[in-house]
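[1] Requesting a structural model of the entry that follows:
(one chain, ligands or ions: 1)
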Amino acid sequence: MKTDRTIGRRIGIFDSGAGGLTVVRSIVEHRFFDEIVYYGDTARVPYGTKDAATITRYALEALEFFKNFDIDLLVTACNSVSAHALPDLRANADFPIYGVIDPGVLALKNSGLGKEARILVLGTRATIASGRYQRGIRALGYTRIEAVAPSLFVPVVEEGLFDGPVLQSTLEHYFKELTPPDAVILGCTHFPLIAEAIRNYFPNRPLLIHSGEAIAEHLESEGYPPGRAKKTDLKIFASENPNALKSIAKRWLKR
Ligand code: DGL
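    A predicted model of the protein is given here:
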């Protein structure tokens, strides 16, 4: 097992598709690593509607892809993979593998919100069904937890509809019955791209917890120093149409 974190030159980031680029954005901003190898399983996205066995099989296949590169660690940006496949991934790799769920729960803990706060967890069906966020949050002492799987957010984001009437009516569809939460966990890679719209939907403008920022904080606490790299190169691979993924990266990451 590789353990020297100060060397941490090359990180692998895995997602079911383009959504994990929101995590890439945070990792790039913190300049931890010289190089990111990103792999999006664009041929088989979405994972969030699949069952645990399928998600685990796909994740193990992606792990084989990363073994072609000398990566120092792997982050599974995909919440659905983090919810279901981490133990199998870790059992099959000789480098550390981090998911995004525990860091998200930790970010809530560090937010200092009182235990009476209402927490809304948003994720794919697979993530919400795993109950992993809900269990982690309950273990912190919060009891007012609502978990919702707004599946239509994913295609809306993929269409680039980051504001406007389609997004507004989708928000309305999932949120209209909810009591405004004090914090929202953005438990899906795509949701940070509509973070402001989610926050603005609720009159109290709740605190938002974003996987990308949470994993960056977590990596720092694991001993990976931010600001270590002058800049971070990004290599993008995909199981289908890598050029489409590269052009989304240009748009979302402005690089
Ligand atoms: N990357 C997925 C996640 O965060 C969202 C898209 C999908 O369903 O594959 O769970």
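[2] Could I get the full set of helices for the stretch 51-200 of the chain?
    52-66, 79-84, 86-91, 101-110, 125-130, 132-139, 153-158, 165-175, 195-201 (DSSP state H, counting those that start in this stretch).
[3] Is stretch 176-195 in proximity to the ligand?
    Yes: Stretch 176-195 reaches the ligand (C-beta under 6 Å from any ligand atom) through C188, T189, H190. Quick note: C-beta positions are derived from backbone N, CA and C, even for glycine.
[4] correct me, but the first one touches V121?
    No: under the contact definition of C-beta atoms under 8 Å, C188 does not touch V121, with a separation of 10.0 Å.
[5] Torsion angles phi and psi at T143?
    For T143, the backbone dihedrals (degrees, to the nearest 10) come out as phi -120, psi -20.
[6] Kindly report the same for K235.
    Main-chain torsions, K235, degrees, to the nearest 10: phi -110, psi 130.
[7] What residues are recorded as beta-bridge partners of it?
    Judged by DSSP bridges, the bridge partners of K235 are V37.
[8] Distance-wise, check it relative to L89.
    20 Å (C-beta to C-beta, to the nearest Å).
[9] go on, K246?
    Distance, K246 to L89, using C-beta to C-beta: 25 Å.
[10] what about these two, which has more around it?
    Higher neighbour count among K246 and L89: L89, with 21 against 15, using other C-beta atoms under 10 Å.
[11] got a list of what the closest residue to the more buried one other than its chain neighbours touches?
    Leaving aside its sequence neighbours, L89 sits nearest to I97 (C-beta to C-beta, 6 or more residues apart in numbering; 5.0 Å). For I97, the contact set (C-beta atoms under 8 Å, 6 or more residues apart in numbering) comprises L73, L74, V75, T76, L86, L89, R90.
[12] Flag the shaky bits of the chain, pLDDT-wise.
    By pLDDT under 70, the low-scoring segments of the chain are 1-8, 255.
[13] Quick check: residues of it near the ligand?
    Within reach of the ligand by C-beta under 6 Å from any ligand atom, the chain has these residues: 15-17, 19, 45-48, 78-80, 124, 127, 154, 188-190.
[14] Could you rerun that using 5 Å?
    Contacts of the chain with the ligand, taken as C-beta under 5 Å from any ligand atom, map to S16, G19, V45, P46, Y47, G48, C78, N79, S80, T124, C188, T189.
[15] By neighbour count, which of the contacts of I97 wins?
    Most surrounded of the contacts of I97: other C-beta under 10 Å gives V75, at 30 neighbours.
[16] Pretty sure that residue sits against G12.
    Yes: the pair V75 / G12 is scored as a contact, 7.2 Å apart, by C-beta under 8 Å.
[17] Next, count neighbours for the residue nearest to V105 when sequence neighbours are not counted.
    Distances taken as C-beta to C-beta, 6+ apart place G136 nearest to V105, at 3.6 Å, with adjacent residues excluded. G136 has 19 neighbouring residues, counting by other C-beta under 10 Å.
[18] Enumerate every residue touching G136.
    If you count contacts by C-beta under 8 Å, 6+ apart, then G136 has I101, D102, V105 around it.
[19] hang on, the earlier thing: dump the residues of the chain next to the ligand into JSON lines; add neighbour count as well.
    Shown next, in JSON lines, are the residues of the chain next to the ligand (neighbours: other C-beta atoms under 10 Å):
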{"residue": "S16", "neighbour count": "29"}
{"residue": "G19", "neighbour count": "29"}
{"residue": "V45", "neighbour count": "22"}
{"residue": "P46", "neighbour count": "21"}
{"residue": "Y47", "neighbour count": "25"}
{"residue": "G48", "neighbour count": "26"}
{"residue": "C78", "neighbour count": "36"}
{"residue": "N79", "neighbour count": "35"}
{"residue": "S80", "neighbour count": "30"}
{"residue": "T124", "neighbour count": "30"}
{"residue": "C188", "neighbour count": "28"}
{"residue": "T189", "neighbour count": "31"}
